[in-house]
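Q: sharing a model prediction with you, sequence too.
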Amino acid sequence: RSVHGISQQTSLAGMAKSYRHSSKTFKTPKRPFEKERLMSELSHIGMYGLRCKKEVWRVQYTFAKLRKAARELLTLDGTDPRRIFEGDALIRRMVRLGLLKENEKKLDYVLGLTINQFFERRLQTIVAKKGIIGSKTSIHHARVLCRQKHIAVGKQMVNIPSFMVRVSSEPHIQLSQNSVFRSGKPGRTKKLRNKGKGE
């Protein structure tokens, strides 16, 4: 065996095998220049302060998977154990997230859900509506607050604007412990300004 062959084998042995499974999170549209769809995506981006169209596609992909699961279960018999078990689990999840009401515990209501209902349950949207640091918190300012780690759900800081808020967690959305809006301490910009004045 050559030295090159041995070194190649040792380098391959040293490489750790990755078992991480990365499945699709969104699906790009089949017709990229369809006017109605483009206008709809832009209106969603503006209304809910989204960063890019990928965020719209991600919600659409999740929405499509839920509808597909509900349609498959509806084809089964009402007494089928799979329909009872998986159907109840799906409905419980929708109720927990606030997408369905307590009196809407049927698979037919899952098919009636809209994308706007999903966007309404995002942390960013709820922070904007609650007006945590004032009544005039815009949807774009709400996103900045989330990304800059000012928002907590309970005691846990959450910096993901697309975080889906459960109904039970909604009353516990507040400013995080280390937020300058809560502690009153000067932030990064204010510290720089004070330093400049001191000099």
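A: Ah, there it is.
Q: which residue is the nearest non-sequential neighbour of Asn159?
A: The spatial neighbour of Asn159 that comes closest, neighbours along the chain excluded (CB to CB, 6 or more residues apart in numbering), is Lys149 at 4.9 Å. Every C-beta, even on glycine, is put in place using the N, C-alpha and C of the backbone.
Q: hang on, I meant Leu66
A: Excluding the flanking residues, the one nearest Leu66 by CB to CB, 6+ apart is Val110, at 6.3 Å.
Q: from what I can see that neighbour touches Lys68, true?
A: No: using CB atoms under 8 Å, Val110 makes no contact with Lys68, being 10.5 Å away.
Q: more neighbours: which of the two?
A: A direct count of neighbours by other CB atoms under 10 Å for Val110 and Lys68 places Val110 higher, at 23 against 10.
Q: you'd agree Gly78 is in a strand?
A: No: with the criterion set as DSSP: H, G, I helix; E, B strand; the rest coil, the secondary structure at Gly78 is coil rather than a strand.
Q: name the residue closest to the centre of this protein, please.
A: Ranked by distance to the mean C-alpha position of the chain (CA atoms, centre = their mean), the top residue is Ser162 at 2.8 Å.
Q: residue for residue, what is the longest helix the chain has?
A: For the chain, the helix that runs over the most residues, judged by DSSP state H, is helix 53-75.
Q: now what about the helix or strand following that helix, what contacts it?
A: Moving toward the C-terminus from helix 53-75, the next helix or strand (DSSP states H and E) is helix 81-96. Among residues not part of helix 81-96, those counted as contacts by CB atoms under 8 Å, 6 or more residues apart in numbering are 66, 69-70, 73-74, 76-77, 100-102, 104-107, 109-110, 113, 166-168.
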